[in-house]
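Chemist: Here you go, sequence then predicted model.
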Amino acid sequence: MAGGARDHLPTERANPASAELDQLSVGEAFDVFQREDESAAAAVAAAREDVMRAVELVADALAAGGRLFYVGAGTSGRLGVLDAAECPPTFLTDPELVQGVIAGGDAALTRAVEGAEDDADAAQRAMDERGVGERDVVLGVSAGGTTPFVHAALARARERGAATVFFACVAREDVPDEADVSIRVVSGPEVLAGSTRLKAGTVTKLVLNRVSTLAMVRLGKVHGNLMVDVNAAASAKLRERGFSLVEGLTGVDRDAARKLLAEAGWRVKTACVMHHRGVGRERAEELLDEHGGILAEAVRSDRGQ
């Protein structure tokens with residue numbers, strides 16, 4: 001779409017609720033933002049079924065040895081990179097498992113790279129260079145739905161056999177797509193007309209939170225609501241979190257939890273299986289592998305020690 005062809009999109013329209021934003025007191029302007037942001041969660045809820053389909057698609061791909069790629073430009077790209085970067089410390093995943101691809105490359109993470117969102121050739125190269133293939137999922141994020149970089153990446157991903165998901169904040173009838181799963185969270189006009197770093201950015205973060213977290217839950221990286229695959233070796237804060245998790249899940253005291261976690265190679269699930277099954281680290285890891293990394297099943301396993 002060029003010129004005024006985007007003017008009809010809800011992400012581009014002026015919002016009547018904030019028409020006098022420059023005349024309002026700070027408190028009144030705050031209230032406008034508050035009311036608009038409260039609508040964001042409802043918009044995400046309306047896309048529940050499609051988000052669920054995306055979670056299942058991603059979880060199945062990762063379980064089968066595939067990878068997840070987020071692709072976007074500007075705010076959308078930065079949010080994808082952010083979500084990908086958070087997966088290794090949160091879920092102890094290989095950094096290659098979930099990756100963010102942003103138009104303009106790393107330079108675009110901290111400053112705008114003019115014209116990058118229109119570079120379809122760069123998007124295609126990004127898919128080729130990363131070896132995107134039939135086991136992978138590529139999730140394209142485009143708030144207004146028209147970003148050429150995103151559409152080109154998805155098209156090349158499909159050519160290479162990957163599954164695709166498209167996320168936008170406009171209705172499908174406004175901007176169609178050919179993805180396997182199409183998530184449309186219609187968040188409406190922004191408080192600042194056209195500034196999709198606002199509500200559109202908020203709903204994007206909410207959806208990506210759900211996709212990555214719930215996919216990791218399906219992969220056994222969460223026990224109850226606990227991050228039992230946290231990278232406890234990464235920092236003092238995460239080591240303390242690991243000690244607390246082992247303490248709570250085994251009932252041992254803090255000193256014993258520290259010793260057990262160290263013996264388990266700083267892996268919380270391994271430590272818990274070692275304690276509950278009375279086995280060494282190697283056997284504990286075998287039990288976890290046999291049960292797909294699901295702690296509850298490895299602890300309950302009646303297979304021989």
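Modeler: Good, I have the coordinates.

Chemist: Look at residue 52 and tell me its secondary structure.
Modeler: Following DSSP: H, G, I helix; E, B strand; the rest coil, we place residue 52 in the helix state.

Chemist: next SSE after the helix or strand harbouring residue 49?
Modeler: Secondary-structure assignment from DSSP states H and E places residue 49 in helix 48-63. Towards the C-terminus, the helix or strand next in line after helix 48-63, according to DSSP H and E, is strand 68-72.

Chemist: For the very next helix or strand once past that next one, name the packing helices and strands.
Modeler: Per DSSP H and E, the first helix or strand lying C-terminal to strand 68-72 is helix 74-91. Identification of packing neighbours for helix 74-91 by 3 or more C-beta pairs under 8 Å, 6 or more residues apart in numbering; DSSP states H and E yields strand 68-72, strand 98-102, strand 137-142, helix 199-218. Glycine gets a C-beta too; all of them are placed from N, C-alpha and C.

Chemist: what pLDDT does residue 4 get?
Modeler: Listed pLDDT for residue 4 reads 45.

Chemist: And the least confident helix or strand in the chain by mean pLDDT, what's buried?
Modeler: Across the helices and strands of the chain, the lowest-confidence element by mean pLDDT, DSSP states H and E is helix 295-300, at a mean of 93. Of all the residues in helix 295-300, those buried under the rule 16 or more other C-beta atoms under 10 Å are 295, 298-299.

Chemist: Just send the helices and strands packed on helix 74-91 back as a markdown table, with mean neighbour count too.
Modeler: Written out in a markdown table, the entries for the helices and strands packed on helix 74-91 read as follows (neighbours: other C-beta atoms under 10 Å):
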| stretch | mean neighbour count |
| --- | --- |
| strand 68-72 | 28 |
| strand 98-102 | 24 |
| strand 137-142 | 29 |
| helix 199-218 | 22 |
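
Chemist: how about those, which one is nearest residue 58?
Modeler: Closest approach to residue 58 among those (C-beta to C-beta): helix 199-218, 4.4 Å.

Chemist: pull the CA atoms of the closest one into PDB?
Modeler: What follows is the C-alpha trace of helix 199-218 in PDB, where atoms were taken according to Å, rounded to 0.1, in the frame of the first residue of the first chain:
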ATOM      1  CA  LYS A 199      -1.500   0.100  22.100                       C
ATOM      2  CA  ALA A 200      -0.300  -1.900  19.100                       C
ATOM      3  CA  GLY A 201       3.000  -2.400  20.900                       C
ATOM      4  CA  THR A 202       1.300  -3.400  24.100                       C
ATOM      5  CA  VAL A 203      -0.900  -6.000  22.500                       C
ATOM      6  CA  THR A 204       2.100  -7.300  20.500                       C
ATOM      7  CA  LYS A 205       4.000  -7.900  23.800                       C
ATOM      8  CA  LEU A 206       1.000  -9.600  25.300                       C
ATOM      9  CA  VAL A 207       0.600 -12.000  22.400                       C
ATOM     10  CA  LEU A 208       4.300 -12.800  22.200                       C
ATOM     11  CA  ASN A 209       4.300 -13.400  25.900                       C
ATOM     12  CA  ARG A 210       1.600 -16.000  25.500                       C
ATOM     13  CA  VAL A 211       3.000 -17.700  22.500                       C
ATOM     14  CA  SER A 212       6.500 -18.300  23.800                       C
ATOM     15  CA  THR A 213       5.500 -19.000  27.500                       C
ATOM     16  CA  LEU A 214       2.700 -21.400  26.700                       C
ATOM     17  CA  ALA A 215       4.800 -23.200  24.100                       C
ATOM     18  CA  MET A 216       7.500 -23.600  26.700                       C
ATOM     19  CA  VAL A 217       4.900 -24.900  29.200                       C
ATOM     20  CA  ARG A 218       3.900 -27.500  26.600                       C
END
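
Chemist: number of nearby residues for the closest residue to residue 35 other than its chain neighbours?
Modeler: In this structure, residue 35 finds its nearest non-sequential neighbour in residue 17, 6.9 Å apart by C-beta to C-beta, 6 or more residues apart in numbering. Close neighbours of residue 17, defined as other C-beta atoms under 10 Å, add up to 15.

Chemist: So which other helices or strands are in contact with the least confident helix or strand of the chain?
Modeler: In terms of contacts (3+ C-beta pairs under 8 Å, 6+ apart), helix 295-300 is packed against helix 268-277, helix 281-290.

Chemist: Which residues outside it are in contact with it?
Modeler: The contact list for helix 295-300 (C-beta atoms under 8 Å, 6 or more residues apart in numbering) reads 220, 223, 228, 269, 272-273, 276-277, 284, 287-288, 290-291.

Chemist: That helix: how far from the chain's middle?
Modeler: From the chain centre to the centre of helix 295-300 is a distance of 27 Å (C-alpha atoms, centre = their mean, to the nearest Å).
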